[in-house]
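In: Quick one, structure for this:
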Amino acid sequence: MSTALVKGQNTALTAPQVRVVVEVACPTDLSALLVAANGKVRSDADFVFYNQPNGPGVSCRQPSPGQPWEVSVDTGAVPADVDKVRIVVSVDGQGQRFGQVAPPTARVYDAAGAELVNYAVTGLATESIVIALELYRRAGAWKVRAVGQGYAGGLADLIQDHGVVVDGAPAPAAAAPAPAPQAAPPP
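Out: You can find the predicted model right below:
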């Protein structure tokens, strides 16, 4: 039996190998971000998408023309320093926004094809890219959370938030070093 989630809810991920599909009523791209505890990717190799379809424990592919793209995750192969695998869907059309079509539905399937989780991503308007779900570690086990966080600024905003550097784009500014601790005045 599938668990239906609403934004912010989570549930246990009951299978170590899953497939995630996001159904949308317009052409879209699907991708995944492998995120460390600091909320950033460890390197650009942690952005898995059609031009870079394989990452550690994660792959992104279109099974055949006309079928939706899918992200496969083998939680046992995801490196220990990856805290979350974020599933991202973006509209594939200039000027297209999620608010112009029916809400996307994210579905998580086990290796046998049984649906484990579904989430209708409601409340979208001007967003062109959305983190639909995230698979994450909690107390040694994997869980899935309905995120539904969109970005009106598109891919550029999403990847900047996650520390991905795209060829030709300026690198994010380095954080300023923390000030040195001040010595206490003598008594």
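
In: May I see the buried residues of stretch 81-91?
Out: Within stretch 81-91, the residues scored as buried using 16 or more other Cβ atoms under 10 Å are 82-91. C-betas here are computed from N, CA, C, even on glycine.

In: Kindly reformat those as a markdown table containing pLDDT.
Out: Listed next are the buried residues of stretch 81-91 as a markdown table, based on pLDDT from 0 to 100:
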| residue | pLDDT |
| --- | --- |
| 82 | 97 |
| 83 | 96 |
| 84 | 97 |
| 85 | 98 |
| 86 | 97 |
| 87 | 97 |
| 88 | 95 |
| 89 | 95 |
| 90 | 92 |
| 91 | 90 |
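
In: all strands of the protein, in order?
Out: Here the chain has its strands, by DSSP state E, at 3-5, 10-12, 17-23, 28-35, 47-48, 54-55, 58-61, 70-74, 84-91, 105-110, 115-120, 129-138, 141-151.

In: other SSEs contacting the second one?
Out: Same thing as strand 10-12. When contacts are defined as 3 or more Cβ pairs under 8 Å, 6 or more residues apart in numbering; DSSP states H and E, strand 10-12 sits against strand 141-151.

In: what's the strand it packs on in contact with?
Out: 5-13, 16, 75, 86, 98, 106, 108, 116-117, 119, 121-124, 126-137, 157-158, 161 (Cβ atoms under 8 Å, 6 or more residues apart in numbering).

In: Mind giving me the PyMOL select for those residues, buried ones only?
Out: Applying 16+ other Cβ under 10 Å to the contacts of strand 141-151, the buried members can be selected in PyMOL as follows:
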select buried, resi 5+10+13+75+86+98+106+108+116+117+119+121+124+127+128+129+130+131+132+133+134+135+136+137+158+161
